[in-house]
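[1] Build the 3D model from these lines:
(one chain, ligands or ions: 1)
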Amino acid sequence: MSEEVKQGRPVCGQCGKPAVMMIDEIPLCIDCEYKFQQSRWMVFAQNAAMYNMADRQMVAVTGMPHLSSQIDIPNAPVPPIHYNNQNVTVQGGTVGAINFGNVNDIQVNLQALTQHGEIGVADALANMTNAILETHELAEAQKNELLEQLAFLSSQATAQPQERKPGMIKSVLGAIGEGAGAIKSIADAWGAVAPLLQGHFGIG
Ligand SMILES: [Zn+2]
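    Numbering: from 1, shown residues only. From the prediction side, this is the model:
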């Protein structure tokens with residue numbers, strides 16, 4: 001049980017982690033609030049896509065000039081990165097001995113991935129980043145090393161295929177796999193993101 005829970009701070013009504021906000025009088029943690037926003041976005045995006053399709057069909061059927069307007073679908077919410085139950089919003093620099101320059105790079109890349117509809121990869125990369133930041137079983141130097149490797153992979157994931165460095169990608173994938181293996185929370189997060197990244201990069 002974490003310090004916050006013991007001190008009587010409200011806990012998330014969904015998962016029991018420390019809550020950071022209330023929605024409809026239900027306390028939610030950072031991750032559950034994101035899931036809530038994401039599901040609302042999905043409903044909106046589906047409805048808007050159906051409206052837009054109906055709009056195009058009416059135009060096609062009537063043969064009239066297209067005077068109606070299509071709904072702009074906003075970008076999906078970007079998965080949050082957090083440290084000590086706070087959303088990470090710092091722009092680079094260090095907090096304690098953690099290099100948040102790498103974390104900031106990852107955040108920018110998650111935003112780009114989300115905008116390109118790669119929500120599954122972005123989610124899994126955010127979970128991996130959070131697992132590294134939150135574990136108490138790694139020294140800060142090891143955390144920085146993993147974050148640097150993850151920042152590299154996330155930037156390669158946003159690059160055009162012809163601009164990627166496949167040799168480097170393979171060796172970093174292997175290095176993280178070895179570094180992640182010893183710690184369960186990180187190994188679990190890596191187990192989820194590694195196959196998605198391999199698929200994204202087209203390597204088996
Ligand atoms: Zn929660």
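[2] Chain neighbours aside, what residue packs nearest to Ile23?
    Phe36 (6.2 Å; C-beta to C-beta, 6 or more residues apart in numbering). (Glycine included, C-beta is placed from N, CA and C.)
[3] any idea which helix or strand carries that neighbour?
    In the assignment (DSSP states H and E), Phe36 maps to helix 30-62.
[4] Off-centre distance for the helix or strand harbouring Leu196?
    Assessed by DSSP H and E, Leu196 sits inside helix 184-201. Mean C-alpha position of helix 184-201 versus that of the full chain (C-alpha atoms, centre = their mean, to the nearest Å) differs by 13 Å.
[5] can you list contacts of that helix?
    With contacts defined as C-beta atoms under 8 Å, 6 or more residues apart in numbering, helix 184-201 is touched by 118, 120-121, 124-125, 127-128, 130-132, 134-135, 138, 146, 153, 156-157, 164, 166, 169, 173, 176-177, 180-181, 204.
[6] What distance do you get for the closest residue in space to Ala124 that isn't next to it in sequence to Glu178?
    Counting by C-beta to C-beta, 6+ apart, Ala124 lies nearest to Val193, which is 3.7 Å off, once chain neighbours are set aside. To Glu178, Val193 is 15 Å away according to C-beta to C-beta, to the nearest Å.
[7] Contact partners for Asp31?
    By C-beta under 8 Å, 6+ apart, the neighbours of Asp31 are 15, 17, 80, 82, 130.
[8] and what of Gln149?
    172, 175-176, 179.
[9] list the contacts for Val121?
    Taking C-beta under 8 Å, 6+ apart as the test, what Val121 contacts is 113, 157, 193, 196-197, 200.
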